[in-house]
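Asks: Give the three-dimensional model of this entry:
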Amino acid sequence: MSDTSLETIVSLCKRRGFIYQGSEIYGGLAGTWDYGPLGVALKRNITNLWWKTFVENRDDMYGLDSTVLMNRKVWQASGHVDTFTDPLVECSNCHNRFRADKINTSKCPSCGKEGTFGEPRKFNMMFKTTVGPVEDESSVSYLRPETAQGMFTNFKNILDSFSPDLPFGVAQIGRNFRNEISPRDFIFRSREFEIMELEYFIHPESWEKYFEQWRVQSQEWFEVLGLSKEKIKEIEVPAEDRAHYSQRTIDFHYDFPSLGFDEIGGLAYRTDFDLKNHQKHSGKNLEYRPKDGTQSFIPHVIEPTYGLDRNVMAVISNSYTEDEINGEKRVYLKLPAHLAPVKVAVSPLLKNKPELVAKAREVYDMMKKEFGNVMWDDNGNIGKRYRRQDEIGTPYCITIDFDSLNDDTVTLRSRDTTEQERTKIENLRDLVK
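Replies: Residues are numbered from 1 along each chain as shown. A predicted model of the protein is given here:
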C-alpha cells in the first residue's frame with residue numbers, strides 16, 4: 001500500500017482545482033464529485049489518449065456515443081432488471097445501511113453495536129426514472145448503469161452502415177449511474193461516473209486468442225498512463241464472483257493510497273449472451289453473415305473496460321511525490337508530460353514592470369498557440385510560483401527577466417529536477433515538446 005494517504009490526495013485535488021465535492025455549498029451529495037479546471041484538463045487528456053489508442057490508431061474499431069436513457073426492454077433483455085443487485089443490510093440500532101459483502105456483519109461499523117444486522121436483501125442499483133408527462137408503469141426507464149448495452153443495441157446499425165469484417169470493435173466513453181448503497185473513497189466508488197469501454201466482436205472459436213491480446217493491450221494502456229508496474233496486478237475472478245454474462249473475467253487492480261489494491265479496469269469474455277438475448281427479445285436478426293458465404297452466427301464478445309474516474313485517481317496518486325529542496329519539503333505531481341493539465345507556465349520575473357510583462361506575453365502567446373494548455377502565472381514571488389506549478393504537475397516553467405529584453409533568452413525550469421537552463425526563445429517549442 002502507498003505511503004501517501006487518500007486524505008492527502010483529496011486535499012490536493014480540492015486545493016488546486018482538480019476535483020470538488022458535488023453540491024458543496026449545500027453540504028454536498030454523497031457519491032457525487034465535480035471536476036474543476038485542472039481535473040477536466042487531466043481527464044480530457046486521458047480520454048483523448050484512450051480514443052487515439054483504441055479507436056483512431058486502429059482499423060478495426062468504430063466509435064459510438066449512445067444515449068443514457070434507453071428503452072426499458074433493453075435492461076430486461078440484458079438481465080439488469082433481475083440481477084443487477086448488491087446485498088443490502090441495515091443496522092437495527094442506527095439504521096445505517098451497508099453492502100453486506102464489504103463489512104463484517106457481526107458488528108456495525110457506524111455505531112459499534114453487535115448482532116444488529118438481519119439477513120441481506122437484494123438491492124437493485126439502477127436509478128429508476130419516468131419518461132414523458134405520465135408517470136405509470138409504461139413510462140419507467142433507467143439511467144444506464146453501463147455503456148455496454150448501447151453498443152450491443154447498435155451492433156446491427158454498424159453492420160448495415162459499414163459492413164465490417166470480423167473481428168471488429170465498437171468503443172465509447174460515457175457517463176453511467178449506479179445507486180451505490182455506500183459510496184466511498186473519493187471518486188473510487190461514486191454514483192455517477194464515466195467508463196471507457198469497448199466491445200470486440202469475434203468468432204467464438206478464437207476467444208482465448210483475443211482475450212490474451214486484450215489482456216496485454218490493457219497492461220500497455222496502464223503503462224502509457226505512467227502507472228508503476230509494481231502497483232498493477234491482475235486478479236482472475238472466480239466463477240461465483242463473475243457477472244452473470246461472463247465466462248471469464250480478469251480484474252486489473254492498482255495500489256491506491258489508503259485503499260490498497262482495488263479495481264481500475266476489467267476484461268471479460270461475455271460470450272454471445274448480450275446479442276443472443278437482444279435478438280430473442282427484440283425479434284431482430286443480430287447474426288453476422290461472413291462475406292465468404294459460410295454459415296451466419298451470433299458473434300461472441302471480448303470486453304475491455306476502464307473506469308475513467310479510477311484511472312484519473314490512479315494517475316494523480318501515482319504521480320504524487322515529496323522531496324526536499326534547500327531544506328524545505330516540496331510536493332509535486334510527477335505527471336507524464338502528455339497527461340499534464342498544464343504543459344508549461346510562463347511568468348514575468350516582476351509583474352509590476354511593464355516591459356517584462358509585455359515580453360512575457362509575447363512568449364506566452366507563442367507557446368499558447370503551439371501547445372494550448374499553457375498557464376500565465378504572475379502571482380507571488382518566483383519561488384512560490386514554482387512550488388504552485390510543481391503541485392499541479394506542470395512539467396516546465398518559463399521566466400522572463402531583464403536579460404530577456406536584451407538577448408531574447410529566458411530561464412526554462414524543469415519540474416522533476418528543478419534544474420534551470422538559459423535558452424533562446426526560438427528554441428522553446430522544441431525543448432518543451
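Asks: Might you list the low-confidence residue ranges for the stretch 301-433 of the chain?
Replies: In the predicted model, the stretch 301-433 of the chain carries no residue with pLDDT under 70.
Asks: quick one: the helices in it?
Replies: For the stretch 301-433 of the chain, applying DSSP state H, counting those that start in this stretch gives helices covering 308-319, 354-371, 382-391, 402-407, 428-432.
Asks: Tell me which residues of the longest one come out buried.
Replies: In terms of neighbour count (16 or more other CB atoms under 10 Å), helix 354-371 has its buried residues at Leu356, Val357, Lys359, Ala360, Val363, Tyr364, Met366, Met367, Lys368. Where you see a C-beta, it was placed from the backbone N, CA and C, and this is true even at glycine.
Asks: Next, find the distance separating the second one from Lys369.
Replies: Applying CB to CB, to the nearest Å, one obtains 19 Å for the distance of Val357 from Lys369.
Asks: cool, the first one as well?
Replies: Computed with CB to CB, the distance linking Leu356 and Lys369 is 21 Å.
Asks: swap in Ile392?
Replies: 22 Å.
Asks: swap in Asp165?
Replies: 42 Å.
Asks: got it, and Leu198?
Replies: From Leu198 to Lys369 the distance is 34 Å (CB to CB).
Asks: next one: Tyr396
Replies: Distance of Tyr396 to Lys369, computed by CB to CB: 16 Å.
Asks: Could I get the full set of strands for the stretch 151-300 of the chain?
Replies: 168-177, 192-202, 232-236, 248-256, 260-271, 300-307 (DSSP state E, counting those that start in this stretch).
Asks: Can you tell me which of those strands is most buried?
Replies: Among these, strand 300-307 has the highest mean neighbour count (mean count of other CB atoms under 10 Å), at a mean of 25.
Asks: and stretch 19-34, average pLDDT?
Replies: Taken as a whole, stretch 19-34 has an average pLDDT of 95.
Asks: and it, how far apart are its ends?
Replies: 6 Å (CA to CA, to the nearest Å).
Asks: what do you get for stretch 122-130?
Replies: Start-to-end, stretch 122-130 (CA to CA) is 22 Å.
Asks: Pull out the buried positions in it.
Replies: Going by neighbour count (16+ other CB under 10 Å), the buried part of stretch 122-130 is Phe123, Asn124, Met125, Met126, Phe127.
Asks: Can you tell me which of those is closest to Phe261?
Replies: Ranked by distance to Phe261 (CB to CB), the buried residues of stretch 122-130 are led by Met125 at 23.2 Å.
Asks: Roughly how far does that closest one sit from Thr305?
Replies: Distance of Met125 to Thr305, given as CB to CB: 16 Å.
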